[in-house]
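Visitor: Fold the following and give me the result.
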Amino acid sequence: MNLSTADTITPPSDAWVDWDAKTQKFDTVADATASKTLISQFNTELQTASNAVSFTNFNFSALSNFLTNQGSQYATITGDTPDVASALANADTQTEVANEVNTIKGLGNNAAKRTELRT
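Guide: Numbers count the residues shown, from 1 in each chain. From the prediction side, this is the model:
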């Protein structure tokens, strides 16, 4: 028996990488690669959108609008539509959003605020 090593191994695109309990099917390398591309697209959009936010009068409404817009962008990129409106109508979510507004307002500079906004 001969055994060799390699720095990287490229699996075939139809190799299984995970089980999707919702759809009851295995996810493949090709599925994972497509998901990675979608995540990259969304992160690029999130970066652009956060850079456009003005923190001069940043408040609950501003953060809610940002989240709603990002939900729409996520739907455009992935085809999955998050129910941001219902989430924002929830009292616990409203408390968390208000807390996040205060956290963002308390940060020293806009770069730190944008980083927090993206997290």
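Visitor: what sits against the closest residue to residue 66 other than its chain neighbours?
Guide: Nearest residue to residue 66, sequence neighbours excluded (C-beta to C-beta, 6 or more residues apart in numbering): residue 53, at 6.3 Å. C-betas here are computed from N, CA, C, even on glycine. Residue 53 makes contact with 62, 66, 113-114, 117, according to C-beta atoms under 8 Å, 6 or more residues apart in numbering.
Visitor: Tell me which two in those residues are the farthest apart.
Guide: 62 and 114 (13.1 Å; C-beta to C-beta).
Visitor: okay, the two: which has more neighbours?
Guide: Ranked by neighbour count (other C-beta atoms under 10 Å), residue 62 and residue 114 place residue 114 first, with 20 against 16.
Visitor: For residue 38, grab the count of nearby residues.
Guide: 14.
Visitor: what about it, helix or strand, and which?
Guide: Assigned by DSSP states H and E, residue 38 falls within helix 29-51.
Visitor: All set, thanks.
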